[in-house]
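> Sharing a sequence plus its predicted fold:
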Amino acid sequence: MAPRELRRPFKRPAISDQQKRRDLSLLRQSQNRHDAQSQARCLVSTALSLQSQGPEPTSEPEPLEPAPEHQTSNLDLRDAAKLRGIEARRWFATQLMLPEWMIDVPDRLSHDWYVFARPAGKRCFVVSSNGTTFSRLRNGSLLHMFPSALPSGAKAKGNSGSAQSYCILDCVFHESDQTYYVIDMVCWAGYSLYECAAEFRFFWVNSKLVESGACDLPSFYHKYRFGLVPVYNCDQAGLHTAYSGPAPYAKDGLLFYNKHAHYQTGNTPLALVWKDENCSQYVIDTDNKGQVPNQQQVVLELQDDVKLTTSDDPPVLFGCLDMDFAHKSGLQSGNLLRFAVGDGGLNFVDGKLEKADLRYLGKANRARAFADSYSKVVFQYMVRHSPLRIEDLLTCISSSSEQENGTSDMEMVG
């Protein structure tokens, strides 16, 4: 029984401050109101400016290594709209909401969270505007340009729309059935949903997408079908269905969304991804040959002071390169570097990384836009040593329900 108890969520050693950051993210979004309409217009404007420069090859996207002299992700929206070429793509690549990997089970999982099976495929933005529709991958490169039934998505009678009638959808393109599965809605017919809770955004996805005809079979003015993703309350029944139930697509893990979360660009602890071998073909990261390496590999960004950090905001420090080695190897600030985790592994103290045994392998693939996030590195480490299992999640939900029922009974007795 002892080993089994160690896998219970409440017994796991602290390896992160993920719950604390979840609470801070919810507090911050209620305090920091920005111009959501300008955010949406800028994203569409930037995407259109990239489109006007002509089609791009999709097989080998242009390298997106971070620029050493200035960071486009911190630009004002008005300045970002003026960007062109690779800088515009680099800015565009920071606009997706990127889930953290689940390394701690959230509090109130069964009450405040949704769960759904993530479609396997290419994560992308789909933008419809000015009579055309196009999709861009996470690194900002063009995937498809096509007509669609989305508002202003095709030059067809009844679907031209006004100049402000644009749409932005967060999708996964599922190759086998040539379908865009919509996992979130950022803007619909010019109405921004950045500052709407996930609960409302998911309601609009299900209602507006069907009304538009975007879920219909492909036609001349609608080249690709858009599909809905079944979303469940994350109670025991919902989690079991998302994990084991049928889906209209190949699964690649589970996504968990906090019901109260706004659409936040970049990494956020209010959206989480979790995988095991039963719901994903790729649980452990593979190398560039598609093979699982003997040692875990991580990609980190080199800073001016030769420190090695993650893509988080603020970044997490993993170590430092030797200054002489960096100069002799021609490495520069902003380079993305690949390391293997040695036998010393990752060491945690009070929920924070204290030490990492890293072995330099070389530069990362030039098509990469970002370093790994802290949660991804830790999740991959957990998978190899002490994975968070589906039984742990179900046990956590059951324990939480029992505790709340006990509290309710005490209140009734009083």
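Thanks, I have it. The shown structure was predicted, so the numbers you read here are calculated from the model rather than taken from an experiment.

> Across the sheet, point out what pairs with the residue most central in space within the chain.
Centroid check for the chain by CA atoms, centre = their mean gives L98 as the closest residue, at 2.4 Å. Under DSSP bridges, the beta-bridge partners of L98 are N267.

> Could you pull out the helices in this structure for me?
2-6, 18-31, 36-51, 77-80, 85-92, 109-112, 198-212, 236-244, 323-328, 374-385, 390-413 (DSSP state H).

> Confidence-wise, which of the ones you listed is weakest overall?
Per-stretch mean pLDDT for the helices of the chain is lowest at helix 2-6 (a mean of 40).

> Ranking helices and strands of this structure by mean pLDDT, which lands last?
Lowest by mean pLDDT, DSSP states H and E among the helices and strands of the chain is helix 2-6, with a mean of 40.

> how far away is the nearest residue to L394 once chain neighbours are set aside from S399?
Nearest residue to L394 in three dimensions, chain neighbours excluded: Q236, at 5.9 Å (CB to CB, 6 or more residues apart in numbering). Bear in mind the C-beta positions are built from the backbone N, C-alpha and C, glycine included. For Q236, the distance to S399 equals 11 Å [CB to CB, to the nearest Å].

> in the sheet, who's paired with V127?
F134, I168.

> give me the low-pLDDT residue ranges for this structure?
1-16, 30-86, 88-89, 157-164, 401-414 (pLDDT under 70).

> Enumerate every residue touching H240.
H240 sits next to L394 when contact means CB atoms under 8 Å, 6 or more residues apart in numbering.

> what does L308 give?
L300, E301, L302, L317, F318, G319, C320, L321, L337, F339, L358.

> Can I have the buried ones of these as a ChimeraX selection?
Buried members of those, defined by 16 or more other CB atoms under 10 Å, are picked up in ChimeraX with:
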select :300,301,302,318,321,337,339,358
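
> still on that earlier bit, please verify my assumption that the residue nearest to the centre of the chain contacts L270.
No - counting by CB atoms under 8 Å, L270 is not a contact partner of L98; they are 11.1 Å apart.

> Any idea how many residues pack against N267?
22 (other CB atoms under 10 Å).

> let me fix that: R28
Quick note: R28 (other CB under 10 Å) scores 12 neighbours.

> What angle do helix 374-385 and the lengthiest strand in the chain make with each other?
Identified as the longest strand of the chain according to DSSP state E is strand 336-349. Angle, strand 336-349 to helix 374-385, by axes from the mean of the first three to the mean of the last three CA atoms, to 10 degrees: 70 degrees.

> Give me the residues contacting strand 336-349.
With CB under 8 Å, 6+ apart, strand 336-349 has contacts from 13-15, 65-66, 293, 295-302, 308, 321, 331, 353-364, 368, 370-371, 377-378, 381, 385.

> Leaving out sequence neighbours, find the closest residue to Y232.
G238 (3.2 Å).

> For the one you found, list the residues it contacts.
G238 neighbours (CB under 8 Å, 6+ apart): Y114, V115, Y232.

> Burial check on the last one, number of neighbours?
Pointing back at Y232 there. Neighbours of Y232 using other CB under 10 Å come to 18.

> wait, it sits on A247?
No - if you go by CB under 8 Å, Y232 and A247 don't touch, sitting 11.4 Å apart.
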